[in-house]
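Engineer: Compute the structure for the input listed below.
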Amino acid sequence: MEFRRLGRSGLTISEIAYGNWLTHGSQVEEDAAHACVHAALDAGITTFDTADVYAQTKAESVLGRALAGQRREGLEVFTKVYWPTGPGANDRGLSRKHIIESCHASLKRLQTDYVDLYQAHRYDSTVPLEETMTAFADLVRQGKVLYLGVSEWRAEEIAAAAELARELRVQLISNQPQYSMLWRVIEAQVVPTSEKEGLSQIVWSPLAQGVLTGKYQPGQQPPEGSRGAHASVGGSMQSFLTDDILTRVQQLRPIADEVGLTMAQLAVAWVLQNQNVAAAIIGASRPEQVHDNVKAAGVRLPAEVLTRIDEALGDVVERDPAKTSRG
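Structural biologist: From the prediction side, this is the model:
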C-alpha cells in the first residue's frame, strides 16, 4: 500500500480507501461486510469512509463492529453529515443542532471517541456558512473531530469555507467528489481551487459505478444481479449505460492488458495519477474484490498510456464543471 498526505495537513492516509456506501447494512450480510473490512486491513488499507445516512445509519454501526479491537491509532475513520437521518425538521442539513447531534450519534455507532475526518456531505444553502463552520470548529476543539472536509462542493463554496476555516483556526483539508475516467467535472475548477486552498480530493466511484470494469456490454442487458440491472431510469448510473459509452469503455481492455492490469485496476490507478487526489474509495461485497482493486496502489501510468485512454474514450467523457453529483 502507498500513502499520501491529505491536503496541507499532517494526516497521512492510504491511497486506496475502503468505503461502505452501497454495501454494509443493505446489500451484504454482516459477516460478509466484516470479511471485506478485514480483507482491506490485510491489504494495508488504513482509511475507512462512511456516512451517517448510508443504509439509514446501519452502515456506520456495521463498520464500527467490524473495526472493533483494531488499534485505533493505526486507522483513519471518516464519516459525513447532511442528509436526513430521522423524521424531524432538524434531522437534516448543516445547522449547528444537526451537526452536533449527528456527530455524537456517529461516534456511538462507530464505537470511537473521535473521527479523523468529519465531512459536510453536501452544501446547505439554507444555513449560514458561518454557523456550519463554527459548529465544525467546536467539534474540533472538543477533540471529537480531528480534521474537516466537504463532499461534492463547488469551487466557490470550497473557497468560502476555507477562508472561514482559517479564521476559526481549524483545518479544512479535503473534498469528496465523484471522479473517474468518465466523470471529470472537478478538473476545471474544483481541483485548481482545492490546490490553492490546501485541500485534496478523496474520490468516490472511480469505477463509474462498475461501468469501467468492462462487465457491461453494448447492446446487451446488464448481467443479472449486477448494480446496472437495478439502476433506476434517470439515475446517475443509468447515464453511463449507453451503447456509446459502453463501446468506448471496451476499447480500454487492450490498454489494460498491455500494462498488466485488469480494467478495474486501470480505472483506480487512473484517478490516482491526479496529484490532487489523495485517495480513491473502493467498495466491495466480497473480499476478493478488495484484493483485486488494491493492486492499483503505487501504479504509475506512462504519459502515452494516459493519452491512449483519452483517445479511446473521446467525447463520452463528462467535463462540464456546472454538473455535480449532488442528486
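
Engineer: In stretch 147-159, which of the residues would be classed as buried?
Structural biologist: 147, 148, 149, 150, 151, 152, 153, 154, 155, 157, 158 (16 or more other C-beta atoms under 10 Å). Where you see a C-beta, it was placed from the backbone N, CA and C, and this is true even at glycine.

Engineer: quick check, the first one in a strand?
Structural biologist: Yes: going by DSSP: H, G, I helix; E, B strand; the rest coil, the assignment for residue 147 places it inside a strand.

Engineer: Contacts only, for the residue nearest to residue 92 when sequence neighbours are not counted.
Structural biologist: Using C-beta to C-beta, 6 or more residues apart in numbering and skipping the chain neighbours, the partner closest in space to residue 92 is residue 84 (4.0 Å). Each residue near residue 84 by C-beta atoms under 8 Å, 6 or more residues apart in numbering is listed here: 53, 91, 92.

Engineer: Among the buried residues of stretch 147-159, find me the one that's closest to residue 168.
Structural biologist: residue 148 (9.6 Å; C-beta to C-beta).

Engineer: where does the stretch 201-327 of the chain dip in pLDDT?
Structural biologist: Applying pLDDT under 70 to the stretch 201-327 of the chain flags the ranges 221-237, 324-327.

Engineer: Run through the helices of it in chain order.
Structural biologist: 243-250, 253-258, 263-271, 287-293, 303-313 (DSSP state H, counting those that start in this stretch).

Engineer: which parts of the fourth one are buried?
Structural biologist: Which is helix 287-293. By 16+ other C-beta under 10 Å, the buried positions in helix 287-293 come out as 287, 289, 290, 292, 293.

Engineer: Check the longest one too.
Structural biologist: Going by neighbour count (16+ other C-beta under 10 Å), the buried part of helix 303-313 is 305, 308, 309, 312, 313.

Engineer: My guess is the last one contacts residue 184. True?
Structural biologist: Put plainly, it is residue 313. No: using C-beta atoms under 8 Å, residue 313 is not in contact with residue 184, being 9.8 Å away.

Engineer: Mutual contacts of these two, please.
Structural biologist: Common neighbours of residue 313 and residue 184 (C-beta under 8 Å, 6+ apart) do not exist.

Engineer: Of all the helices of the stretch 201-327 of the chain, which one is nearest residue 3?
Structural biologist: Across the helices of the stretch 201-327 of the chain, closest to residue 3 is helix 263-271 (C-beta to C-beta), at 15.6 Å.

Engineer: Dead centre of the protein: give me the residue that sits there.
Structural biologist: residue 204 (3.1 Å; C-alpha atoms, centre = their mean).

Engineer: tell me the contacts of that one?
Structural biologist: Here residue 204 is in contact with 19, 21, 176, 177, 178, 179, 281 (C-beta under 8 Å, 6+ apart).

Engineer: My guess is the fourth one contacts residue 150. True?
Structural biologist: No: if you go by C-beta under 8 Å, residue 177 and residue 150 don't touch, sitting 9.3 Å apart.

Engineer: Next, count neighbours for the spatially closest residue to residue 245 that is not a sequence neighbour.
Structural biologist: Closest residue to residue 245 apart from its sequence neighbours, by C-beta to C-beta, 6+ apart: residue 316 at 4.8 Å. Residue 316 has 16 neighbours, counted by other C-beta atoms under 10 Å.

Engineer: ok, now which ones touch residue 316?
Structural biologist: 182, 242, 244, 245, 248.

Engineer: If we use 6 Å, what do you get?
Structural biologist: 244, 245, 248 (C-beta atoms under 6 Å, 6 or more residues apart in numbering).

Engineer: Give me the buried subset of these.
Structural biologist: Looks like the contacts of residue 316 have 245, 248 buried, using 16+ other C-beta under 10 Å.

Engineer: Show residues contacting the helix or strand residue 78 falls within.
Structural biologist: Per DSSP states H and E, residue 78 falls inside strand 76-81. For strand 76-81, contacts defined as C-beta under 6 Å, 6+ apart pick out 13, 46-52, 99, 102, 106, 115-117, 119, 121, 151.

Engineer: out of these, which are inside helices?
Structural biologist: The helices, defined by DSSP state H, take in 99, 102, 106 from the contacts of strand 76-81.

Engineer: The second one: neighbouring residues, count only.
Structural biologist: When you say that, I think you mean residue 102. Neighbours around residue 102, by other C-beta under 10 Å: 27.

Engineer: quick revisit: which one of the contacts of residue 316 is nearest to residue 41?
Structural biologist: Nearest to residue 41 among those, with distances taken as C-beta to C-beta, is residue 245, at 34.6 Å.
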